[in-house]
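# model the structure of this input:
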Amino acid sequence: MPPWLATRMATLGRVVVEALVLHHGRDEVLRRLAHPFWFQSLGAVMGMDWHSSGITTSVVGALKRGLAPVADELGLWICGGRGRHSRRTPDELAVVADKAGLDAAALARTSRLVAKVDNAAVQDGFQIYLHAFVVAADGRWTVVQQGMQGATARRYHWLSEQVRSFVEDPHSAIEGAPADRPLVNLTDARAGDARTLITGLVQHGPDRLATLVQRAQRERARQRDADAPSDSTGSDDDAPHLILPRHHDVRPKDVDPRRLHGTLAAACAAPAEDFEGLLLTPGLGPRTLESLALVAEVIHGTPTRFTDPARFALAHGGKDGHPFPVPLKVYDETLRVMRAAVQRARLGQTETLDALRRLDREARRLEAVATGQGVAAYIERERRLSPHYGGRTVFGRAGETPAPRGGRRAPRARPPARTDATPSSPQQPALPGF
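Prediction:
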């Protein structure tokens, strides 16, 4: 993760969480982190590669760094992390427990148990290497873990308010590609008898277990060619699934155009009487307002709004150049507006944060009627204007950047035409104050 993006991701993560706490409370932060579609969309709006496994590590790291200075004030702490940081989770939880008056031993036990369940009770071939434990001052928590199998990742989400048993359907979600080996899931509701038998076998000692294993092996040898088909029905059949493509670039089919048109229309046609607290922000221009509309949806959108996380990459691009280079000037303006809004809201002046909520509401209302250029044309516009917006990727600055993997080479830098317009307002210049 390049430092120029890591710093901005930490700042954006902080203001998004602060806005969530101010509007919806700490519990909503925990619920959203436990929702895989929202988590993916948050990583995309931060400028991370929109569907890579690195989103998990990057988002967790950015939130931990960004919230550290205000964690005690918010009553919301992130412990653990990737690799060696995950092993520090019990010590970090002990510090948090001392501050919040919580049971440190109980939190540490929960952390270890969650890790054991996903490493041992769920045997899917993915080795857990990231463990992030998010705990609130009242003891509620959420856990985000990630495991790797070769180059493939799988993410596990837990939410304390949904856990009735650590060994029976405890997850709020599991996200990742299907395993390439048979899955043994002892936390499935149908595995109750298996859990009971396993416990009994252990209690009877190793000799009894060895005898039964030998008997099972002989029986399997006799019936190798007559295996019965497995039961394919399960409790997750009706669960929502987010299917992300293998291609790295953002394509029109990855974005819901109806939602995008609503967002752009709201950003372009926001009436001053409704959004004056936002529009009177010095230097705020139409391009920043488009990004703010997507950030506002991350804060206020319902779970059904995050089934196309690629759409949120249209706010600040991606560090790999997909869908376009990260527009640093726009990103910084977004951060400036959000930081000022949160700071004023802490003093009881909520006009700007309220305006962001209305901006999100207006975008949803306009989805039914708004039209505009297609996703491909929008991406092309952003690539063409990228040098003007301070576009940057891990390969270099816009105009000097080689073609990103999986997509076309961005056009060479050239000055933006004065007649260029935002999709819903043909007469309006595209570049006043970003």
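
# hmm, V143 and H131 touching each other?
Yes - with contact defined as C-beta atoms under 8 Å, H131 reaches V143; the gap is 7.1 Å. In short, each C-beta sits where N, CA and C put it, glycine included.

# quickly list what's touching both of the two.
Listed as contacting both H131 and V143 by C-beta atoms under 8 Å, 6 or more residues apart in numbering are S111, V114.

# helix or strand: which one has V213?
For V213, the host element (DSSP states H and E) is helix 206-222.

# immediately after that helix, which helix or strand?
Heading C-terminal from helix 206-222 (DSSP H and E), you reach helix 257-268.

# and D256, what does it touch?
Applying C-beta under 8 Å, 6+ apart, the residues contacting D256 are T307, D308, R311.

# any idea how far L347 is from it?
37 Å (C-beta to C-beta, to the nearest Å).

# what does Y156 give?
39 Å.

# again, but for V95
Distance from V95 to L347, by C-beta to C-beta: 29 Å.

# again, but for G372
38 Å.

# can you check L186 too?
Distance, L186 to L347, using C-beta to C-beta: 52 Å.

# which of those two has more neighbours?
Set L186 next to L347 and count neighbours by other C-beta atoms under 10 Å: L186 wins out with 16 against 7.

# quick one, what contacts that one?
A121, V122, Q123, V167, A194, R195, I198.

# shaky segments in the chain?
Flagging of the chain using pLDDT under 70 yields the residue ranges 178-182, 204-205, 224-239, 269-283, 401-434.

# on that earlier part again, who wins for neighbours among the contacts of L186?
V122 (24 neighbours).

# give the contact list for V15.
Contacts of V15 (C-beta under 8 Å, 6+ apart): L335, M338, R339, A341, V342.

# now the strands for the chain?
Listed in chain order, the strands of the chain (DSSP state E) span 76-82, 122-123, 127-136, 141-149, 152-159, 173-176, 184-185, 326-327, 391-393, 396-397, 421-422, 425-429.

# for T57, which of those strands is the nearest?
T57 lies closest to strand 76-82 among the strands of the chain, at 5.2 Å (C-beta to C-beta).

# quick one: strands adjacent to the closest one?
Strand 76-82 has these partner strands in its sheet, going by DSSP bridges: strand 127-136 (antiparallel).

# quick one, the strand it pairs with and strand 152-159 angle?
30 degrees (axes from the mean of the first three to the mean of the last three C-alpha atoms, to 10 degrees).

# just the buried residues of strand 127-136, please?
Applying a neighbour-count criterion of 16 or more other C-beta atoms under 10 Å, one finds I128, L130, H131, A132, F133, V134, V135, A136 buried in strand 127-136.

# what's the neighbour count on D91?
Around D91 there are 12 residues (other C-beta under 10 Å).

# related to what we said a few turns ago, would a markdown table of the contacts of D256 with neighbour count and distance to A216 be doable?
Output for these, formatted as a markdown table (neighbours: other C-beta atoms under 10 Å; distance: C-beta to C-beta, whole Å):
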| residue | neighbour count | distance to A216 |
| --- | --- | --- |
| T307 | 16 | 44 |
| D308 | 19 | 47 |
| R311 | 26 | 51 |
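
# I'd like those laid out as CSV, including distance to G75.
Output for the contacts of D256, formatted as CSV (distance: C-beta to C-beta, whole Å):
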residue, distance to G75
T307, 31
D308, 33
R311, 32
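
# wait, which of those is closest to L292?
Using C-beta to C-beta, the contacts of D256 come closest to L292 at R311, 14.6 Å.

# from what I see, the closest one and L260 are in contact.
Yes - the pair R311 / L260 is scored as a contact, 5.9 Å apart, by C-beta under 8 Å.

# tell me which of the contacts of L186 fall in helices.
A194, R195, I198 (DSSP state H).
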